[in-house]
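Asks: Need coordinates for the below:
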Amino acid sequence: MRVKGKGKRPPSPTSSAPPASNKGKTKASKVITDDQYDEFLKFQAQKKKEAELNRRKGLRKNVDAMLDEEESNTEHEIMEHNKRKKVSKKAKPMDTDEEVEDDANPDDILPHLDPKKKNTPIASEDSDHSRHPEADSAIETDIAGEQSVVKKRGNGLIEVKDELQDEMAVRRRRRGANKGEVRPPTTLASLKKDGCGPLVDLAHQLLRVKIALENAFPGPSVDVQDAFAWNCIKEAGKESGSPMKVMFDRISEDDTLKGRALAYVWSGASQLRGELARKARENVIFMLQHLCPKEIADIANWVISTRKELFLSGEMDIKAKTFNKNLPFHTHLIKQLLMGQFFQGAGAEGLLYKEEFQKLPDNLIALLAASIECAYKGMLTGTPVVVEFKEPVFQPRHQYYLSKLTEYSLKTPGYMKKLRDDLWTDIGEACCFQLREEGGDSDEFDVDFDAMEEYARPMSGVANVDDAVVN
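Replies: Numbering: from 1, shown residues only. Below is the predicted model of the structure:
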């Protein structure tokens with residue numbers, strides 16, 4: 001017989017209602033609205049952008065740290081080398097025959113010699129090289145306190161490695177300033193204070209025009225960029241006797257001022273390409289604004305995935321996904337982008353250099369096409385994403401469009417001429433500096449100059465009336 005304890009919990013009362021059965025019930029499917037999908041895509045794009053920015057910041061920090069460490073190590077090696085060299089040059093006393101002991105380590109003072117490599121001549125071209133077994137050895141020489149390495153290659157050529165101090169100068173130049181120094185300003189306002197503002201401003205404008213009409217991507221090399229910018233500065237100050245010539249002479253004599261001027265003038269290249277990419281993105285967004293994100297992503301993928309450049313073709317219907325392949329480079333986006341960038345505003349380059357822009361060279365049309373492609377690539381997710389108009393990515397695309405335009409000019413010159421004529425006429429009508437030629441009698445509204453002259457003569461009766469009133 002069990003004894004019920006005092007603390008025993010009484011049984012819980014059971015519910016009289018039977019448990020609800022899940023049988024026969026269907027699960028309600030969750031409906032995702034367009035707004036929720038849009039927010040999800042925006043969230044994904046923002047997270048990707050933040051991750052990319054964090055990755056770039058981390059990479060930049062690592063590169064800067066490596067450069068600082070390498071620079072400090074190089075400076076330390078140079079100081080130690082000079083110090084040991086001074087110790088090794090101690091002269092022994094003249095009044096004694098005892099030798100002065102030098103505690104410096106010869107291995108640290110003398111440069112390290114790489115072991116000789118065995119030559120295995122294969123062809124007859126290496127016969128001269130086989131007679132000189134020392135051709136593959138690395139020899140270090142010390143001239144005027146600077147260390148350089150001379151290497152002879154297997155083909156008989158000589159490869160000279162720059163001095164350590166020159167390598168440091170190159171790194172400092174790439175970083176913009178020496179360690180601990182303040183980077184000189186390269187803005188137009190700072191150059192105006194130095195008395196060369198009008199010259200660099202004009203050269204900056206000339207460079208933008210040359211980027212648009214002649215060479216959209218001159219090259220990634222710093223020397224090529226400096227040469228391109230320097231030609232624009234020389235062109236701006238070529239008139240002898242003008243104030244621009246005086247400014248040009250001043251820049252030529254001052255290396256620091258010349259470097260600042262080159263940096264400001266060259267900034268016009270990335271500035272122009274960035275403006276084109278931004279305006280192309282705005283035009284594409286305006287064209288697709290009535291569609292939902294899913295439809296925008298579908299159209300953008302359809303446009304970019306094909307290799308027929310259908311987004312540049314005429315008569316394109318984005319809803320029906322149709323286009324006319326026989327009308328290449330006939331899209332209205334080229335005209336809108338050309339007018340918005342170069343023919344709006346008092347200081348627009350297209351109005352100031354109208355004769356040059358009237359030719360509508362292939363470089364300009366290819367640059368507009370590449371910027372439109374960049375805009376469509378930013379719509380692949382269904383929401384606008386900024387895709388940078390970088391030279392390594394879009395310079396090959398620019399060259400591709402140049403080759404297409406060259407091919408069309410050779411095979412269909414009439415089509416390309418009419419394309420340029422219609423484009424320039426549309427721009428002229430919009431900017432009110434050119435009218436479209438229309439048929440009809442042009443002498444219908446001619447002015448009668450004789451009637452105008454007769455109207456200007458004094459009337460004969462007026463003088464008699466005045467005389468009569470006086471009498």
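Asks: all strands in the protein, in order from the N-terminus.
Replies: With DSSP state E as the criterion, the chain has strands at 138-143, 146-152, 158-161, 314-317, 322-324.
Asks: By residue count, which helix of the chain is the longest?
Replies: helix 34-88 (DSSP state H).
Asks: Show the average pLDDT along it.
Replies: Helix 34-88 carries an average pLDDT of 82.
Asks: ditto for stretch 286-300
Replies: 90.
Asks: Need the residues that contact it.
Replies: Under the criterion Cβ atoms under 8 Å, 6 or more residues apart in numbering, residues 34, 37-38, 41, 318, 321, 333, 376-377, 379-383 lie in contact with stretch 286-300. In this view, the C-beta of every residue, glycine as well, is placed from N, C-alpha and C.
Asks: switch to 6 Å and redo it
Replies: Contact with stretch 286-300 is made by 34, 38, 41, 318, 376, 379-380, 382-383, as judged by Cβ atoms under 6 Å, 6 or more residues apart in numbering.
Asks: just curious, which of these is nearest to residue 451?
Replies: Nearest to residue 451 among the contacts of stretch 286-300, counting by Cβ to Cβ, is residue 318 at 57.2 Å.
Asks: any idea of the mean pLDDT in stretch 188-195?
Replies: Stretch 188-195 comes out with an average pLDDT of 87.
Asks: Tell me the buried residues in it?
Replies: Neighbour-count burial for stretch 188-195 flags 191, 194 (criterion: 16 or more other Cβ atoms under 10 Å).
Asks: show me the contacts for residue 228.
Replies: Going by Cβ under 6 Å, 6+ apart, residue 228 touches residue 218.
Asks: Could you measure from it over to residue 236?
Replies: When Cβ to Cβ, to the nearest Å is the yardstick, residue 228 and residue 236 sit 13 Å from each other.
Asks: How about residue 343?
Replies: Using Cβ to Cβ, one gets 23 Å for the distance from residue 343 to residue 236.
Asks: neighbour count winner among these two?
Replies: The neighbour comparison of residue 343 against residue 236 (other Cβ atoms under 10 Å) goes to residue 236, with 23 against 18.
Asks: which residues touch the more buried one?
Replies: Per Cβ under 6 Å, 6+ apart, neighbours of residue 236: 199, 202-203, 206.
Asks: confidence score at residue 459?
Replies: pLDDT for residue 459: 60.
Asks: same check, this time on residue 200
Replies: Among the per-residue scores, residue 200 shows a pLDDT of 92.
Asks: show me what contacts it?
Replies: Residue 200 touches 191, 261, 264-265, counting by Cβ under 6 Å, 6+ apart.
Asks: Mind doing that once more with 10 Å?
Replies: 186, 188, 191-192, 194, 229, 232-233, 236-237, 247-248, 251, 257, 260-265 (Cβ atoms under 10 Å, 6 or more residues apart in numbering).
Asks: which of those are buried?
Replies: With neighbours counted by 16+ other Cβ under 10 Å, the contacts of residue 200 contain buried members at 186, 191, 194, 229, 232-233, 236-237, 247-248, 251, 257, 260-265.
Asks: which residue sits closest to residue 34, ignoring its sequence neighbours?
Replies: Distances taken as Cβ to Cβ, 6 or more residues apart in numbering place residue 292 nearest to residue 34, at 5.0 Å, with adjacent residues excluded.
Asks: Quick one: neighbours of the one you found, just the number.
Replies: The local packing of residue 292 (other Cβ under 10 Å) involves 14 other residues.
Asks: low-scoring stretches of the stretch 201-350 of the chain, by residue?
Replies: Across the stretch 201-350 of the chain, the ranges flagged by pLDDT under 70 are 306-308.
Asks: quick one: low-confidence parts of the stretch 351-471 of the chain?
Replies: The stretch 351-471 of the chain contains residues with pLDDT under 70 at 434-447, 459-471.
Asks: What's the separation between the residue nearest to residue 300 when sequence neighbours are not counted and residue 37?
Replies: Excluding the flanking residues, the one nearest residue 300 by Cβ to Cβ, 6+ apart is residue 379, at 4.0 Å. Computed as Cβ to Cβ, the residue 379 to residue 37 distance reads 15 Å.
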